[in-house]
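Novice: Structure for the following, please:
(one chain, ligands or ions: 1)
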Amino acid sequence: MEISNAIKYVGVNDHNIDLFEGQYIVENGMAYNSYVILDEKTAVLDTVDIGFTGEWLSNLKTVLGSRQPDYLIVQHMEPDHSASIASFTEAYPDTIIVASATAFNMMKQFFGADLSSERLVIKDGDTLSLGSHTLTFLAAPMVHWPEVMVTYDILDKVLFSADAFGKFGALDVDEDWACEARRYYIGIVGKYGMQVQNLLKKVSALDIQTICPLHGPILKENLGYYLNLYQIWSSYSVETEGVFIAYTSVYGHTKKAAELLADKLRTMGCPKVSIADLAREDMAECVEDAFRYGNIVLATTTYNAGIFPFMREFINHLTERNFQNRTVAFIENGSWAPTAIKTMKALLEPCKNLTYIENEVHIKSALNEESLAQLEELAAELGKEWCS
Ligand code: FEO
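Specialist: Residues are numbered from 1 along each chain as shown. Below is the predicted model of the structure:
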């Protein structure tokens with residue numbers, strides 16, 4: 001694959017993976033992108049996951065021919081991109097490794113030794129000339145690890161964006177970008193909105209025609225669309241008007257209340273009502289939806305004097321990712337000591353700028369006249385607030 005006359009793609013597709021980063025379901029696999037810039041000097045940008053070292057070295061060989069790469073630029077030390085550095089240095093012992101000081105420290109931690117005496121330590125704003133291509137390195141700490149650098153090629157106006165603008169999914173599968181890029185972003189970098197905002201500010205000064213991330217497709221058209229979504233996600237703004245109802249249910253009674261509320265909101269004309277059983281659906285997809293919509297309903301049971309484990313896990317995912325700026329409504333179910341709403345509110349305490357809906361639904365075992373009336377009132381309030 002050719003990015004420009006000088007820039008070639010040498011990445012790989014992974015369809016063997018079970019869980020990305022040990023936790024994310026990736027039904028359509030994963031791509032580990034890597035690039036080569038051919039100029040008077042040659043530079044390789046990042047390596048690939050350990051399972052694909054051989055294939056990647058072979059891709060490199062095809063592009064490089066008999067040339068020896070002058071530089072290996074390591075933008076990010078997470079092993080999905082760095083695990084093949086040791087094999088690379090064995091194949092190309094004279095190549096200079098280019099990375100931040102923090103990245104070199106991590107290299108020693110991961111590989112137990114300094115891999116190459118040939119090294120160039122870079123910091124924010126440094127440049128490297130390859131001949132006609134001059135690369136500028138921009139520090140992007142916590143997007144997604146502290147050592148991350150992104151790289152801008154002034155001649156071809158290409159931003160090598162490390163994990164930023166990546167997505168789940170291999171490159172040989174055709175799928176919607178936003179859906180899997182959002183799940184990837186919220187899951188992996190969602191906590192670091194401020195740091196992503198800092199990076200967006202830095203790159204806004206650049207004339208970018210192509211974005212080459214470390215995962216997902218190379219972005220060449222309509223870059224404003226992707227930049228705008230990153231602006232929304234990193235500022236914790238609402239992307240889609242609508243409601244997300246997240247529930248857990250042991251014997252179906254809480255589920256019934258959640259579904260009844262969803263039906264009522266749809267009837268009232270809510271633009272979008274999404275509903276999920278947290279125990280049965282992909283947790284990362286549920287977390288993504290919580291950040292996507294402006295309004296969320298949490299419905300769960302009391303369990304071991306707390307709340308049902310999947311709701312606790314869900315709320316933990318939200319708080320650790322700086323969930324904020326949303327409106328929240330609650331439904332609880334408890335047969336003898338209902339405390340779920342109190343527990344959920346306590347867990348949400350660290351979140352900034354949450355507005356709680358006054359009407360709450362308190363179910364005792366199963367919906368009855370009283371709790372149905374509460375549900376009716378909640379639906380009326382939400383309908384007025386969220387669906388008009
Ligand atoms: Fe794709 Fe943070 O590694």
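Novice: going forward, measure contacts between C-alpha atoms and count neighbours the same way
Specialist: OK.
Novice: Now Gly269: closest residue in space that isn't a chain neighbour?
Specialist: Among residues not flanking Gly269 along the chain, Cys387 sits closest, at 5.9 Å (Cα to Cα, 6 or more residues apart in numbering).
Novice: tell me, how many neighbours does that neighbour end up with?
Specialist: 20 (other Cα atoms under 10 Å).
Novice: now the nearest residue to Val63 once chain neighbours are set aside: how far from Val44?
Specialist: Nearest residue to Val63, sequence neighbours excluded (Cα to Cα, 6+ apart): Lys8, at 7.4 Å. For Lys8, the distance to Val44 equals 10 Å [Cα to Cα, to the nearest Å].
Novice: now the residue nearest to Val63, what's its secondary structure?
Specialist: Classification of Lys8 using DSSP: H, G, I helix; E, B strand; the rest coil returns strand.
Novice: How far away from the center of its chain is the one helix or strand Phe291 maps to?
Specialist: Per DSSP states H and E: Phe291 is located in helix 283-292. Remark: helix 283-292 is offset 11 Å from the chain centroid, using Cα atoms, centre = their mean, to the nearest Å.
Novice: Show me what that helix is in contact with.
Specialist: Helix 283-292 is touched from outside by 24, 182-183, 186-187, 233, 236, 238-240, 244, 246, 274, 276, 278, 296, 314, 317-318, 323, with contacts defined as Cα atoms under 8 Å, 6 or more residues apart in numbering.
Novice: pLDDT wise, what is Ser116 at?
Specialist: If you check Ser116, the pLDDT there is 70.
Novice: do the same with Lys272
Specialist: 93.
Novice: ditto for Gln324
Specialist: The model reports Gln324 with a pLDDT of 97.
Novice: returning to what we had before: what's the overlap in contacts for Lys8 and Val44?
Specialist: Shared contacts of Lys8 and Val44, counting by Cα under 8 Å, 6+ apart, come down to 35-37.
Novice: Pull out the buried positions in the helix or strand containing Glu385.
Specialist: Taking DSSP H and E as the definition, Glu385 sits inside helix 369-386. In terms of neighbour count (16 or more other Cα atoms under 10 Å), helix 369-386 has its buried residues at 371-372, 374-376, 378-380, 382-383, 386.
Novice: returning to that earlier point: filter the contacts of helix 283-292 down to the buried ones.
Specialist: Those of the contacts of helix 283-292 that meet the buried threshold are 24, 182-183, 186-187, 233, 236, 238, 244, 246, 274, 276, 278, 296, 314, 317-318, 323, by 16+ other Cα under 10 Å.
Novice: Among these, which lie within strands?
Specialist: Among the buried ones among the contacts of helix 283-292, the members found in strands (DSSP state E) are 24, 244, 246, 274, 276, 296.
Novice: Let's have these in JSON lines, adding distance to Ile208.
Specialist: Compiled in JSON lines, these are given as follows (distance: Cα to Cα, whole Å):
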{"residue": "Tyr24", "distance to Ile208": "30"}
{"residue": "Phe244", "distance to Ile208": "35"}
{"residue": "Ala246", "distance to Ile208": "39"}
{"residue": "Ser274", "distance to Ile208": "36"}
{"residue": "Ala276", "distance to Ile208": "39"}
{"residue": "Ile296", "distance to Ile208": "36"}
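Novice: Take the shared contacts of Lys8 and Val44 and lay them out in CSV including secondary structure.
Specialist: Shown next, in CSV, are the shared contacts of Lys8 and Val44 (three-state DSSP):
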residue, secondary structure
Tyr35, strand
Val36, strand
Ile37, strand
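Novice: Val1 and Asp176: what is the separation?
Specialist: Actually, residue 1 is Met rather than Val. Distance of Met1 to Asp176, computed by Cα to Cα: 20 Å.
Novice: Ok, Thr343 next?
Specialist: Separation of Thr343 from Asp176 (Cα to Cα) stands at 37 Å.
Novice: More neighbours: which of the two?
Specialist: Set side by side, Thr343 and Asp176 show more neighbours around Thr343, with 16 against 8, by other Cα under 10 Å.
Novice: Show the model's pLDDT score for that one.
Specialist: 97.
Novice: Ser388 too?
Specialist: As predicted, Ser388 sits at a pLDDT of 68.
Novice: what's the burial count for the residue lying closest to Val361 once chain neighbours are set aside?
Specialist: In space, and not counting its chain neighbours, Val361 is closest to Ile331: 4.6 Å by Cα to Cα, 6+ apart. For Ile331, the tally of surrounding residues (other Cα under 10 Å) stands at 24.
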